[in-house]
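[1] 3D, please:
(one chain, ligands or ions: 1)
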Amino acid sequence: GSYDMGGHDTYMHKEICEQADAVDRVLRGRIDDRFATVRLGGLNMDAREARGVRRVKILGCGSAYHAGMIGAQMIEELARVPADAEPASEFRYRNPVVDPDTLYIAVSQSGETYDTLAAVQELRRKGARVLGVVNVVGSAIARETDGGVYVHAGPEVCVVSTKCFTNTAVAFALLALHLGRIRDLSVADGRRIVSGLRKLPEQISEILAQEEAIAKLAAEYADARSMMFVGRVRGYPVAREASLKLKEVSYIHAEAYPASELKHGPLALIEPAVPTVAVLPEDELLEKNRATLEEVRARGGRILAVAHAEQEKADHTIVVPRNEVELDPILMGIPLQLLAYHTALALGRDIDKPRNLAKSVTVE
Ligand code: AGP
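    Take a look at the predicted model:
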């Protein structure tokens, strides 16, 4: 890369630290306080068209897919439209039914990922409406979609995505709020989400200020043979992304499971050399999640929790500030980026250029 490292040792560290500013940028100029919503000029979709959407299907690869999983949950929850995410790479190989009442959304940092671009082209050939949630302005996916939301994360140089993932999740919160307010979301809920969005940059700074403590935790867990990442519903995509981050940059094997699935098999892996990272939003599933921690503990597994308050069932807790629960996935991923970074540092990995990986996969 040719951008200034600004005193950081790696782009990954620089980009993690830039996230408060990056989130500020994705919000800037878009909040509409009067109507408790957001304005997204690039969507090219009027209110009537937006109300006609019966389903949302989100496509992306890797971290973009994980951000899309968060987006699907936000859209379903705030706009009450059935929504789901699927790896773009799978979607395009399975001759999917293309439905005219479905809104398709392609997600990509680079806007050049071949699998995602090919999915967009196939969808458009079949007459679908496709939006882009893209970082690089004017990239192939931005050009070949009917409109969309720019993520405005700024240039991301490290192969491992951090700030763009976070900004993409925020962009989806904006889209979900926008769709919600055109449909059934109340003014009061709109206001609640708007004020939650405004709190994000400062809360991100608060999380980043815990870096030293997180580095210590990373040193403590760096001897793991494998790591298990778990969460329920809102916590699950965060667990998926954190598991990918750790694998990419530290080469420690990691798995991500819905916490509810542990007892259906993966619990067999739990032992002291296989610690569990649990993502625990303070939602209606917190008690169930605590019961899962108990089960892990009973098998001798160490537990690191990410939560809004110290967890007594966990060996360690990274405490993140409270926001609106719908926005929890945005904040809860950030300390786990630092965990992956410091684990890789402790193991002496080539952080900005992990083996076998390229920043964007522009071939089939
Ligand atoms: C993220 O850390 C990865 N290196 C990778 O999964 C990436 O997110 C994926 O290849 C998609 O790239 P894109 O967002 O540029 O389309």
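[2] In contact with the closest residue to the ligand within the chain: list those residues for me.
    Scanning the chain for proximity to the ligand using Cβ to the nearest ligand atom identifies Gly62 as nearest, at 1.7 Å. Using the backbone N, CA and C atoms, a C-beta is placed for each residue, glycine as well. Counting by Cβ atoms under 8 Å, 6 or more residues apart in numbering, Gly62 touches Ser161, Leu244.
[3] ditto for the one 3 residues further on
    If a contact means Cβ under 8 Å, 6+ apart, then Tyr65 has Leu59, Ala85, Glu86, Pro87, Ala88, Val107 as its contacts.
[4] what comes up buried for the strand or helix carrying it?
    Using DSSP states H and E, Tyr65 sits in helix 62-79. Across helix 62-79, burial judged by 16 or more other Cβ atoms under 10 Å covers 62-75, 77-79.
[5] Past that helix, which element shows up next along the chain?
    With DSSP H and E, the next secondary element past helix 62-79 is strand 83-87.
[6] Give me the nearest residue to Gly127, chain neighbours excluded.
    Pro100 (6.7 Å; Cβ to Cβ, 6 or more residues apart in numbering).
[7] Figure out the helix or strand that the one you found lives in.
    Per DSSP H and E, there is no helix or strand for Pro100.
[8] Now do the same for it: its pLDDT.
    You'll see Pro100 listed with a pLDDT of 93.
[9] what do you get for Asp328?
    According to the model, Asp328 carries a pLDDT of 98.
[10] Report the contact partners of it.
    Neighbours of Asp328 in contact, by Cβ under 8 Å, 6+ apart: Arg234, Gly235, Pro281, Glu282, Asp283.
[11] Do you have the helices of the stretch 1-150 of the chain handy? List them.
    For the stretch 1-150 of the chain, the helices defined by DSSP state H, counting those that start in this stretch cover 11-17, 19-27, 47-51, 62-79, 88-91, 114-125, 140-143.
[12] Can I get those helices in CSV including distance to Ile182 and mean pLDDT?
    Formatted as CSV, the helices of the stretch 1-150 of the chain follow (distance: least, Cβ to Cβ, whole Å; pLDDT from 0 to 100):
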stretch, distance to Ile182, mean pLDDT
helix 11-17, 33, 97
helix 19-27, 19, 98
helix 47-51, 5, 93
helix 62-79, 8, 98
helix 88-91, 26, 94
helix 114-125, 23, 96
helix 140-143, 23, 97
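[13] With distance to Ala346 as new columns, can those be given to me in JSON lines?
    Shown next, in JSON lines, are the helices of the stretch 1-150 of the chain (distance: least, Cβ to Cβ, whole Å):
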{"stretch": "helix 11-17", "distance to Ala346": "14"}
{"stretch": "helix 19-27", "distance to Ala346": "22"}
{"stretch": "helix 47-51", "distance to Ala346": "48"}
{"stretch": "helix 62-79", "distance to Ala346": "22"}
{"stretch": "helix 88-91", "distance to Ala346": "32"}
{"stretch": "helix 114-125", "distance to Ala346": "33"}
{"stretch": "helix 140-143", "distance to Ala346": "36"}
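[14] Tell me which of those helices sits nearest to Pro201.
    Among those, helix 19-27 comes nearest to Pro201, with 4.3 Å by Cβ to Cβ.
[15] ok now that closest one, how far from the chain's centre?
    15 Å (Cα atoms, centre = their mean, to the nearest Å).
[16] Which other helices and strands does it contact?
    helix 163-182, helix 187-208 (3 or more Cβ pairs under 8 Å, 6 or more residues apart in numbering; DSSP states H and E).
[17] which other residues reach the last one?
    Helix 187-208 is contacted by residues 16-17, 19-21, 23-24, 27, 31, 33, 35-38, 78, 166, 170, 173-174, 177, 180-181, 320-321, 323-324, 326-327, 330-331, 334-335, 338 when judged by Cβ under 8 Å, 6+ apart.
[18] List only buried entries from the residues you listed.
    For these, buried by 16+ other Cβ under 10 Å: 16-17, 19-20, 23-24, 27, 31, 36-38, 78, 166, 170, 173-174, 177, 180-181, 320, 323, 326-327, 330-331, 334-335, 338.
[19] Quick one: name the residues of the chain near the ligand.
    Neighbours of the ligand within the chain, by Cβ under 6 Å from any ligand atom: 61-64, 108-110, 113, 116, 159-161, 248, 357, 360-361.
[20] cutoff 8 Å now
    60-65, 107-113, 116, 135-136, 141, 159-162, 164-165, 244-245, 248, 357, 359-361 (Cβ under 8 Å from any ligand atom).
[21] Of these, keep whichever come out buried.
    Counted by 16+ other Cβ under 10 Å, those give 60-65, 107-113, 116, 135-136, 141, 159-162, 164-165, 244-245, 248, 359-361 as buried.
[22] just the contacts of Tyr65 now: which is nearest Ser186?
    Ala85 (26.0 Å).
[23] in which helix or strand would I find Ala239?
    Going by DSSP H and E, Ala239 is in helix 235-250.
[24] Which residues does whatever helix or strand comes next after that helix contact?
    Downstream of helix 235-250, the next assigned helix or strand under DSSP H and E is strand 253-258. For strand 253-258, the surrounding residues in contact (Cβ under 8 Å, 6+ apart) are 225-232, 236, 239-240, 242-244, 246-247, 266, 269.
[25] What subset of the residues you listed is buried?
    Members of the contacts of strand 253-258 classed as buried by 16+ other Cβ under 10 Å are 227-232, 236, 239-240, 242-244, 246-247, 266, 269.
[26] Farthest-apart pair in the residues you listed, please.
    Pairwise over the buried ones among the contacts of strand 253-258, using Cβ to Cβ, the maximum falls at Arg232 and Lys247, 21.5 Å.
[27] picking that back up, by neighbour count, which of the contacts of Tyr65 wins?
    Highest neighbour count within those, by other Cβ atoms under 10 Å: Val107, with 35 neighbours.
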